[in-house]
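Enquirer: sequence and computational prediction follow.
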Amino acid sequence: MSKIQTTFLRLKSENKKALIPFVTSGDPHPNMTVKMLHTLVESGADMIELGIPFSDPMADGPVIQRASERAIANNVGIKKTIKLVKEFRKKDINTPIILMGYANPIEAIGIKNFVSLIKDAEVDGVITVDYPPEESKDFVKLLKKQDIDSIFLLSPTTDDNRIKLITEQATGFLYYVSLKGVTGSANIDINQVSERVSNISKYSDLPIAVGFGVKDAETAKQVALISDAVVIGSRIINEVENSNQEDLLENIRALMTEIKNAIS
Amino acid sequence: MQAYDLPDAFGHFGQFGGTFVAETLVEALDELRDMYDKVKDDPEFLNEFHHDLKHFVGRPSPIYFAERLTKQIGGAKIFLKREDLNHTGAHKVNNTVGQALLAKRMGKPRVIAETGAGQHGVATATIAARLGLECVVYMGSEDIKRQSPNVYRMKLLGAKVVPVESGSKTLKDALNEALRDWVTNVSDTFYIIGTVAGPHPYPMMVRDFNSVVGKECKTQMPDIAGCQPDAILACVGGGSNAMGIFYPYIDDKNVRLIGVEAAGEGVETGKHAAPLTSNSPIGVLHGNRTYLMQNDEGQIIDTHSVSAGLDYPGVGPEHAWLKDSGRAEYVAVTDDDALKAFHNLCLIEGIIPALETSHALAYAEKLAATMPKEKVILVNLSGRGDKDINTVAGIAGLTL
Ligand SMILES: Cc1ncc(COP(=O)(O)O)c(C=O)c1O
């Protein structure tokens, strides 16, 4: 059983929802990334999504685009990202790490090579934004062989036939994109999200995480009531962007604590 | 011999092409593919399409024998397919007419487009004005500077031009931004992609709409030249004008198909926009798998070309396939050589070509010189150069 699965089982038995923060690797600086990851765990992260910087992040809004640009300016790409996970693992072997990124960097270093590198770094799951199930069968097979979870996105436009198709390939959890739009977009319609999430749960026993439009504790609270996990990204990157280096970890801790309390 | 029939049902040209998009767009692409499948052989749709091409665009465009240019070079005869004479001044309008008709059939009140040189943006704004559709065009802020006449044309036509400040601020970034808009407004918006790139069905559909160019050539060449061409040349940015003229000739194996990429300051300098000629690795961008200019960790690298319309790090997946299969050849021409060909055509034939097109012209001159006089070269004169006069004047140290 994967660490992602055991984490969800534990949370379920405790009647709790998972909090999954997202940060981009190498932003604001590669020597901050591991510290930030530990701070996230200390302040309530049950799992972490770590973004692989990409030059052309088509599904991301301006906040995460800028995070990618800063990381690339710091020479952080896919290889350094995996190294940073390895470094994180020196002190934390329990918290699931999910890499989130785009197909091109993965293909550039080779899908086999990528899978063996992330296995070695004890990565637990992968989300590839522009790899729909039809185009990623080989990749998913390689991940399965290594017990690494393939996490797929479902959107408001995903119909029931596709939900079936996707849930057949997905492991770990399902990620419901709460709105039509890019990351960091405006307000989500919680009733609609609730309806869609319960529809998806008809097709799969996998836990369902909700993300893309969660920008404050109040939204997080509402989302936690109707799903198994809350993903929060752009709001955290806002802290990265707006904090002095000295205050960054404390600001992240404060934000995370507020959200954690709201969903507990 | 089996007739050419790519792409397959999933938009694959061999290992290239496909549908690499975020989940939110899958439904919209399925809907588009189904609609296109339904109308592409529907006489009523085709009638409407060809009616618009004739009466609004001014087709068929003529083929012109460049007699003085041919004499000057002293080799093969050079013929020009005059896409510059189309309404809006380039081949781009063939595709926008087709896609806008689809948008109308699908009941989408809003169209969006990306543009580099501005020709596709102008063509989209034009057709949107004619059909009464709301139109938003994404354009890199670098390109807005170098193609300012086209920016104003789009505004005159009622389109909103949104400057894109991310990344290299050129065509690829405009495409990213258009995709972001589409994900957000997918229910009421039709994305009119301007070249044979993007996810399936775009590469196939844009090719089909532009293939009117090659089909006309097939009937016109015997009349004007007495034969089909020995070689067909076209510039390649994403590759839509090239696919448009190549496609009907793919099964005619004795016709050489030559795509001309932008070598910028020279392929060997790294400052170019020639993914095929520079043997760039295969990658995934903007919804398809193709040859892609990138570093060893898969970050897309900045491209360089004097022509905004060729300034793109990838190339349509069908060109990637045509290169690998050996059916088409790909070469590259530098900024300097393209500019020389630009000025030459102005002076010797009285035609101001687009800077994009000038790349194909430069290679045509080079190739013609190596071929005997009875051979025939056909160049797709993809667009006119009115939009480029500021750039060309700037290079000469003038401001207009
Ligand atoms: C006149 C002209 N030719 C060629 C191109 C390049 O596009 P493609 O390679 O899709 O034909 C452009 C693009 O803007 C153009 O305006």
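Expert: Done, it's in. In this text, all values refer to a predicted model and were calculated from it rather than measured experimentally. Numbering: from 1, shown residues only, chains lettered A, B, ... in the order given.

Enquirer: quick check: residue B:57 vs residue A:134, distance?
Expert: Residue B:57 is 36 Å from residue A:134, where distance means C-beta to C-beta, to the nearest Å. Backbone N, C-alpha and C define where each C-beta goes, glycine included.

Enquirer: kindly report the residues of the stretch 1-150 of chain A close to chain B.
Expert: Applying C-beta under 8 Å from any C-beta of the partner chain, one finds that the stretch 1-150 of chain A approaches chain B through A:53-59, A:61-62, A:65, A:69, A:72, A:77-79, A:102-109, A:129-132, A:134-135.

Enquirer: contact residues of the stretch 151-264 of chain A facing chain B?
Expert: Checking the stretch 151-264 of chain A against chain B by C-beta under 8 Å from any C-beta, the hits are A:152-159, A:162, A:166, A:177, A:180-182, A:185.

Enquirer: may I ask which of those residues has the most neighbours?
Expert: Highest neighbour count within those, by other C-beta atoms under 10 Å in any protein chain shown: residue A:177, with 29 neighbours.

Enquirer: across the sheet, point out what pairs with that one.
Expert: Counting by DSSP bridges, residue A:177 is bridged to residue A:211.

Enquirer: surely it touches residue B:24?
Expert: Yes: checked against C-beta atoms under 8 Å, the pair residue A:177 and residue B:24 is within contact range at 6.4 Å.

Enquirer: what is in contact with these two at once?
Expert: Listed as contacting both residue A:177 and residue B:24 by C-beta atoms under 8 Å, 6 or more residues apart in numbering or on different chains are A:155, A:156.

Enquirer: centroid residue for the chain?
Expert: Unless you meant another one, I'm taking chain A. Geometric centre of chain A, nearest residue: residue A:49, 3.2 Å, by C-alpha atoms, centre = their mean.

Enquirer: you answered for a different chain; I wanted chain B.
Expert: residue B:240 (3.4 Å).

Enquirer: would you mind measuring from the residue in the stretch 151-264 of chain A positioned nearest to the ligand to residue B:177?
Expert: Nearest residue of the stretch 151-264 of chain A to the ligand, counting by C-beta to the nearest ligand atom: residue A:182, 25.7 Å away. Separation of residue A:182 from residue B:177 (C-beta to C-beta) stands at 10 Å.

Enquirer: ok, now residue B:366?
Expert: Counting by C-beta to C-beta, the gap from residue B:366 to residue B:177 is 37 Å.

Enquirer: with neighbour numbers in mind, choose between those two.
Expert: residue B:177 (24 against 16).

Enquirer: what does the average pLDDT come to for the helix or strand harbouring that one?
Expert: For residue B:177, the host element (DSSP states H and E) is helix B:171-184. Average pLDDT, helix B:171-184: 95.

Enquirer: now do stretch A:22-36
Expert: Mean predicted confidence for stretch A:22-36 is 98.

Enquirer: buried set for that stretch?
Expert: A:22-30, A:32-34, A:36 (16 or more other C-beta atoms under 10 Å in any protein chain shown).

Enquirer: the helices in the stretch 151-264 of chain A, which residues?
Expert: A:160-169, A:190-201, A:217-226, A:234-242, A:248-263 (DSSP state H, counting those that start in this stretch).

Enquirer: flag every buried residue along stretch B:310-325.
Expert: In stretch B:310-325, counting by 16+ other C-beta under 10 Å, buried: B:310-324.

Enquirer: what about the helices in the stretch 51-200 of chain B?
Expert: B:67-73, B:92-105, B:119-131, B:141-146, B:148-156, B:171-184.

Enquirer: also near the ligand: which of the buried residues of stretch A:22-36, exactly?
Expert: Here nothing survives when the buried residues of stretch A:22-36 are matched to the ligand using C-beta under 6 Å from any ligand atom.

Enquirer: need those in a markdown table with distance to residue B:184 and secondary structure, can you?
Expert: Listed next are the buried residues of stretch A:22-36 as a markdown table, based on distance: C-beta to C-beta, whole Å; DSSP: H, G, I helix; E, B strand; the rest coil:
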| residue | distance to residue B:184 | secondary structure |
| --- | --- | --- |
| A:22 | 19 | strand |
| A:23 | 24 | strand |
| A:24 | 21 | strand |
| A:25 | 26 | coil |
| A:26 | 27 | coil |
| A:27 | 24 | coil |
| A:28 | 27 | coil |
| A:29 | 31 | coil |
| A:30 | 32 | helix |
| A:32 | 31 | helix |
| A:33 | 30 | helix |
| A:34 | 34 | helix |
| A:36 | 29 | helix |
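
Enquirer: which residue does the stretch 1-150 of chain A bring closest to chain B?
Expert: Per C-beta to the nearest C-beta, residue A:108 is where the stretch 1-150 of chain A lies closest to chain B, at 3.0 Å.
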